[in-house]
Structures are given as structure tokens and as C-alpha cells.
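> A structural model of the following input is requested.
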Amino acid sequence: MNLEIAVSGFSWNQLLIGEEDWSFLPEIVFRTILMFIIILISLWSSGKRGVKQLSIFELVFIIGLGSAAGDPMIYKTVGILPALIVFVMIIILYRIITYLIGKYKRFETITEGQPIYLIDDGVFLILNFEKEALGVEEFFAELRMQGVSQLGQIKKAILEVSGNVSIFFYPDDEVKHGLPILPGSLENDTEVINHPGYYSCFFCGYTSLLIVTKKYRCPVCANENWIESSNEKRIR
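Residues are numbered from 1 along each chain as shown. Here you go, the predicted model:
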């Protein structure tokens, strides 16, 4: 049945199934099931890793499989066999690159990158942080989810090649004053130190015991905005 409305040439057929006819729908079901099975076999042959463990190279592999699988599912003009050839080639390339990664350390660094230190002794490593497309609020949220309320609790923080953040903490009895990162804690920055105490650089987290002064330049990043530090223990 041709379900059409004459007004402005609107067509329900065009909206619902495009240029195909209704008889193609059962074939789409079969194509989808077949491509789904091929995807599962391809992923099984490449090894078992969780999504958060995937490197950039492996994400490209997954995206390539998805792209090769999509068109044969819904387009009558795209056959299953060409898609299957694409799958085989992607898997072969994946195996070759995986072999080269295991054999040559430099090749592994080029294809997958390497871990980067983001925090050292409670202070941001600004140059390393700027190399990564990682927002400050996004990073703070990641830290808070691991129980961090201020940077003085952190000995080292490392951005892994998988995108995960590994954190090495100070024991509770060694926790230092540091930049607070709870929501709203960075709203009261100041350039004037009205009373002595521990203050953290608003930009890099450098922390020091400051005396009353109108201006004090951070020795690490030259920023002049400061936040009162916190020495809270880690939330467990």
C-alpha cells in the first residue's frame, strides 16, 4: 500500500523506508543477524578487553568493523561478501599491527602513545596537561570519583594510554595541604593574602605557607591567584 499525503509531496513511504520497498524489511532482519554474528566472531578473534581498556588503535579497529557492518545491514545495493572481505582485511591488519607492537617498543609508542604524568607531589605538571585534550573539570570529576577532595592527597597521577587515570596516594598521616577540587571550592580565588596560612595556586595547585601580602607570584607558573588550601584526608 502506498501511504502518501498529497500536501507538499509528503510521503510516509519515503519517511519510513526510504527508496526501498516493504518486501526488503525481512531481508534487513536477516542481514543484521548475519553481520552481528560476523562482528562477534571478529571481536572474539581479536581478543577480550573491556571498552575502557581499549587504546586509540583498538578503537579505530572497532570503528572500522562498525563502518563495514553498517551499510550491508540496510542497503540492498551493498552485498555481504564485500563487507566480509573488508572484515577479513581489518582483522589481518589488526594482527600485523599487534605483532609489530609486541616486537618493537618504538612502534608501540607511535601507535598507542605512552602514559603521561599529570600530577606530581600534589601539583599539576602544566606542560604535560596541556598536551592532552582533557578538560580541568572533567579531570577533577575523575579524581572525585576516586575519593579525592584536594590535591595534597595525591603523590602521582598518571594518564594511561587507555584514557584511565591511575592515582598513587599519600598515606593519611602524610597528606599535605593542597588545592581543593570539590564543586564550588574554586570560586573564591584572591590575589590579596589577608591572613597567613596555607594557600594553593589557582592554576597549577602549588601550595605554600604564605604571609599577609598584596600580591604573591606562584614560583611554578607565575600565576597570582590563590585559593585557601585544604588538608582533608581522602574520602573512602
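> sec struct for the residue nearest the centre of the chain, please.
Geometric centre of the chain, nearest residue: residue 163, 4.9 Å, by C-alpha atoms, centre = their mean. When classified by DSSP: H, G, I helix; E, B strand; the rest coil, residue 163 comes out as coil.
> look at it and report its pLDDT.
Residue 163 is assigned 76 on the pLDDT scale.
> how much space between it and residue 142?
Using C-beta to C-beta, to the nearest Å, residue 163 is found at 10 Å from residue 142. For the C-beta atoms, the positions are set from N, CA and C on the backbone; glycine is no exception.
> can you check which residues contact both of these two?
Residues touching both residue 163 and residue 142 by C-beta atoms under 8 Å, 6 or more residues apart in numbering: none at all.
> where along the protein do the helices fall?
With helices called from DSSP state H, the chain shows them at 12-17, 25-46, 56-74, 80-103, 105-112, 126-131, 136-144.
> so which elements touch the longest one?
Using 3 or more C-beta pairs under 8 Å, 6 or more residues apart in numbering; DSSP states H and E as the contact criterion, the elements in contact with helix 80-103 are helix 25-46, helix 56-74, helix 105-112.
> give the rounded mean pLDDT of that helix.
80.
> can you give me the buried ones in that helix?
Buried residues in helix 80-103, counted by 16 or more other C-beta atoms under 10 Å: 83-84, 86-87, 90-91, 94, 97-98, 101.
> circling back to that earlier point, can you put the helices of the chain in CSV and add distance to residue 225?
Formatted as CSV, the helices of the chain follow (distance: least, C-beta to C-beta, whole Å):
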stretch, distance to residue 225
helix 12-17, 55
helix 25-46, 49
helix 56-74, 35
helix 80-103, 44
helix 105-112, 37
helix 126-131, 15
helix 136-144, 14
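> closest to residue 205 out of those helices?
Closest of the helices of the chain to residue 205 is helix 126-131, at 9.6 Å (criterion: C-beta to C-beta).
> so where's the protein shaky on pLDDT?
For the chain, the stretches with pLDDT under 70 are 1-10, 13-20, 40, 42-57, 133.
> closest to residue 222 out of the helices and strands packed on helix 80-103?
Among the helices and strands packed on helix 80-103, helix 105-112 sits nearest to residue 222 (C-beta to C-beta), with 32.1 Å.
> from the middle of its chain, how far away would the closest one be?
Its chain's C-alpha centre and that of helix 105-112 lie 19 Å apart, by C-alpha atoms, centre = their mean, to the nearest Å.
> which strands or helices does that helix pack on?
Short answer (3+ C-beta pairs under 8 Å, 6+ apart): helix 105-112 packs on helix 56-74, helix 80-103.
> got the domain boundaries for the protein?
In terms of domains, the chain is parsed into 7-110, 116-228 (source: automatic domain parsing).
> most neighbours per residue, which of the ones you listed?
Each of these was assessed for mean neighbour count using mean count of other C-beta atoms under 10 Å. The highest is domain 116-228, with a mean of 16.
> sorry, back to before: so which of the domains of the chain comes closest to residue 236?
When the domains of the chain are compared (using C-beta to C-beta), the closest one is domain 116-228, at 5.8 Å.
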